[in-house]
Each structure stands twice: as C-alpha cells, then as structure tokens.
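**Student:** sequence below, structure please.
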Amino acid sequence: MRLEYFQMLDAIVELTDESIRTRATVPQESTVFEGHFPGHPLMPGVLLIETMAQTCGTMVMAANGYERLPLLVGVKDAKLRQFIPPGTEIHGFGHLEHNGSGYAVVKAELKVDGKRVSNAQLTYTLIKWPEADLRDFMVDHIASLRKRGSEDAA
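**Tutor:** Here you go, the predicted structure:
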C-alpha cells in the first residue's frame, strides 16, 4: 500500500469476470498516521472503503474488457467492524452482482486473518476512458498486480 498515492492494493491473487481476491499490507509508516491518530496509528475507515472500491473496480474493469472506467458513485450498508493498525495484511474480496446499463453493483469485503473487518455494497458508473494513456496505465498497473499475486502463489 502507498496511502499517500491512494495505491491501496499490493497484489491481485485471483481475478475473474465475476470475482476478485486481493492482498495489501498497511504500511508501518505513513504521513496519514501522523494525524490518525498521534501515538496510536490506525488505518482510516475511508481508506478501507477505498481499498474495497479499488479491489472491486479492478474486477469491473476486467468484466468489461477494460473498455470502460468504473467510477465509484455509491456505498451502501458499509460496516467497519475492527480497527486496523499498521503492518496488518488485508485480504480483499469482491463479487459482481450486476453489470450493465452503464453501471455495476458489487458486494465487497475485507478480511484480516480470515475474519471480516469491513464490507459494503458498492455501485459504479461506467464511463468511456477520458484518455487512452490512462487506460494503458491502468491495464499495465493491473498486470503488475496480477504478476505479484501469481508470484505469491508460487
């Protein structure tokens, strides 16, 4: 994870058109922790939601052949069940519930040591890529995350 750059995923462990598994480790050091909270650093809840959004947004891109950019437009029934300190390994999971008519709906969850720590229903609108360079960057970035996930499995 690189919190300051909103790069929330370290590896894609498994990716299909209907499901995804990711892995990320909360960094030991981050400027984010200077204010959240001094002397007692915790991963901000909004960044846990962002981690779920990036996990499932990646799945939505793959399900649409990387032809559309998913933008998060809704978070429903979000639950943050546990405080997450630095150094914690988080596993992300997503399942595609709906994909069509210009939007996608997913069920997302994060687990630590097999225990659910957060979950939500997320909604994305699907737009044309504003620039081909952005699409190319995202495709390359996802490929590198998948490579890291396959190296972990080996």
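
**Student:** tell me which residue lies farthest from the centre of the protein.
**Tutor:** residue 39 (27.0 Å; C-alpha atoms, centre = their mean).

**Student:** can you verify that one is assigned to a helix?
**Tutor:** No. Counting by DSSP: H, G, I helix; E, B strand; the rest coil, one finds residue 39 to be coil, located in no helix.

**Student:** isn't residue 56 right up against residue 105?
**Tutor:** No. With contacts counted by C-beta atoms under 8 Å, residue 56 stays clear of residue 105, the gap being 9.6 Å. Where you see a C-beta, it was placed from the backbone N, CA and C, and this is true even at glycine.

**Student:** shared neighbours, the two?
**Tutor:** 96, 122, 124 (C-beta atoms under 8 Å, 6 or more residues apart in numbering).

**Student:** which of those residues lies closest to residue 61?
**Tutor:** residue 124 (9.5 Å; C-beta to C-beta).

**Student:** in this structure, what helix or strand scores lowest on average pLDDT?
**Tutor:** Every helix and strand of the chain was ranked by mean pLDDT, DSSP states H and E. The lowest is helix 32-35, at a mean of 90.

**Student:** check the offset of whichever helix in the chain runs longest from the chain's centre.
**Tutor:** Ordering each helix of the chain by length in residues (DSSP state H) puts helix 132-153 first. For helix 132-153, the separation from the chain centroid amounts to 13 Å (computed by C-alpha atoms, centre = their mean, to the nearest Å).

**Student:** equivalent analysis for stretch 13-23, please.
**Tutor:** So, by C-alpha atoms, centre = their mean, the centroid of stretch 13-23 is 10 Å from its chain's centroid.

**Student:** what is the longest helix of the chain packed up against?
**Tutor:** Using 3 or more C-beta pairs under 8 Å, 6 or more residues apart in numbering; DSSP states H and E, the elements in contact with helix 132-153 are strand 11-15, strand 19-25, helix 45-63, strand 69-80.

**Student:** can you lay out these as CSV showing mean neighbour count and mean pLDDT?
**Tutor:** Putting these into CSV (neighbours: other C-beta atoms under 10 Å; pLDDT from 0 to 100) gives the following:
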stretch, mean neighbour count, mean pLDDT
strand 11-15, 20, 97
strand 19-25, 20, 98
helix 45-63, 22, 97
strand 69-80, 14, 98
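
**Student:** can you put these in CSV and add distance to residue 35?
**Tutor:** As requested, the helices and strands packed on helix 132-153 are arranged in CSV below (distance: least, C-beta to C-beta, whole Å):
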stretch, distance to residue 35
strand 11-15, 28
strand 19-25, 21
helix 45-63, 13
strand 69-80, 18
